[in-house]
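Undergrad: Give me the fold of what follows.
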Amino acid sequence: MTMLNDYFNLLLKHQEFKRFEFIITDKFRKTINNNICKNEIQNIKELTRNLNNLTKKIVISKANLEIDIDIEAKFIHGNVLRVEFIHNSKKFIRELGDIIFINKLLFNNCKYFERYTINQFKKAKKKNKIITSWEIEPEQLYLLNNFPEFELYNKNILTKSYSLPNYSECQGSYGLLPKNDPDEFIYIAAPLLDLIKEERKSIRMQQILHDTNEKVIAYLAMMALGENYSCLLTNNVSDFVHNYLSLKIGEVTVCNDILINKEAADFLNEILSYIHKLNTYELIMQKKDTNYFKYISDVNSKGLYKMDENIESDGFGIINTTIYINEIND
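TA: Residues are numbered from 1 along each chain as shown. Okay, here's the model as predicted:
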């Protein structure tokens, strides 16, 4: 693994990789800027559209390496990521998240590393023109912080209940959309947000970014000690993209070709399997900005699959980045 770490560090320092990182950052920033007055779902729709099928090939001759980076970004229509769970002896139904960021590293076609985060986008409040703040729904924060046992309403996606270990404290996270400046996008892990927010109903940007908050500094220092360090906070778009492409965002499912978090890996595989099954749908016509779908084949061998009624107003995104590092044989 030491050799692979050296290879990956060569990639991170390579000028072509830095250019690719800049392209992703620019697309991310422009997406937020173009949708700054729109809701979270519109941001995610355009973000997945702008990042889908982006690729980059980098050859590092001095190390005999050929590297390919592929981004697959999809938006899945319909209210399909609503989950049911118990909190304080009460049953709640909440969104699991708006978008899932996945990043994996393959070495000579073997998966050596994978991590992901389930992220909830939140739009800034407009009530105060000076102070930027976000309202945080307590039960959803509990869900993304603790990952109690849950199951999805849509049994076509997940076939069982899940209780996901959150070793990284970064499996659940928030993407806090800015009010004015598109670069003020904040990525923050749910446990850290919960620590800062305390009992308040909303959280201000100044409270998140205040570098003298002793609790936050202590928390970050504690989390930095882990072998698979997870970035818990970024305060702008470029920092988020850099940490994401550097494999520092999210819960580790595979490390050194070893399964680290089986429950999380199984959950992620079911989500990705569902998306691949949706490829059996074919877009056959577009009229007045409304998409119509034709059923091609049986998704679950249980008859016709029923799309959600709120197909245009709801959905979730997947951004799946794969870095292939292959040694070139002389």
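Undergrad: CA only for contacts and neighbour counts going forward, please
TA: Noted.
Undergrad: Please enumerate the strands of the stretch 101-250 of the chain.
TA: 110-122, 133-135, 150-152, 172-176, 186-189, 202-204, 233-234 (DSSP state E, counting those that start in this stretch).
Undergrad: Return the list of helices and strands in contact with the second one.
TA: Using 3 or more Cα pairs under 8 Å, 6 or more residues apart in numbering; DSSP states H and E as the contact criterion, the elements in contact with strand 133-135 are strand 202-204.
Undergrad: Describe which strands the strand it packs on pairs with in its sheet and in which direction.
TA: Here strand 202-204 has these sheet partners by DSSP bridges: strand 133-135 (antiparallel).
Undergrad: what pLDDT, on average, does the strand it pairs with get?
TA: Strand 133-135 shows a mean pLDDT of 93.
Undergrad: what sits up against it?
TA: Residues outside strand 133-135 that contact it (Cα atoms under 8 Å, 6 or more residues apart in numbering): K122, K123, A124, K125, L176, K201, S202, I203, R204, M205.
Undergrad: OK, contacts around the second one?
TA: Under the criterion of Cα under 8 Å, 6+ apart, the contact partners of K123 comprise N39, E40, W134, L176, L177, P178, K179.
Undergrad: nearest to K248, of the residues you listed?
TA: Nearest to K248 out of the contacts of K123 is L176 (Cα to Cα; 18.5 Å).
Undergrad: So in terms of bridging, what pairs with that closest one?
TA: K122, I186.
Undergrad: need the helices for the stretch 1-150 of the chain, in chain order.
TA: Secondary structure of the stretch 1-150 of the chain (DSSP state H, counting those that start in this stretch): helices at 2-13, 15-34, 40-51, 138-146.
Undergrad: looking at these, which is closest to K248?
TA: helix 2-13 (12.5 Å).
Undergrad: Compute the distance between the closest residue to H77 other than its chain neighbours and K104, please.
TA: Among residues not flanking H77 along the chain, G315 sits closest, at 4.4 Å (Cα to Cα, 6 or more residues apart in numbering). Distance of G315 to K104, computed by Cα to Cα, to the nearest Å: 24 Å.
Undergrad: ok so, going back, and the buried ones among the contacts of strand 133-135, selectable in ChimeraX?
TA: Buried residues among these (16 or more other Cα atoms under 10 Å), as a ChimeraX selection:
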select :122,123,124,125,176,203,204,205
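Undergrad: pLDDT and distance to V237 added to the contacts of strand 133-135, as JSON lines?
TA: Output for those, formatted as JSON lines (pLDDT from 0 to 100; distance: Cα to Cα, whole Å):
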{"residue": "K122", "pLDDT": "95", "distance to V237": "15"}
{"residue": "K123", "pLDDT": "93", "distance to V237": "15"}
{"residue": "A124", "pLDDT": "92", "distance to V237": "16"}
{"residue": "K125", "pLDDT": "86", "distance to V237": "19"}
{"residue": "L176", "pLDDT": "96", "distance to V237": "11"}
{"residue": "K201", "pLDDT": "87", "distance to V237": "25"}
{"residue": "S202", "pLDDT": "89", "distance to V237": "22"}
{"residue": "I203", "pLDDT": "91", "distance to V237": "19"}
{"residue": "R204", "pLDDT": "89", "distance to V237": "18"}
{"residue": "M205", "pLDDT": "89", "distance to V237": "15"}
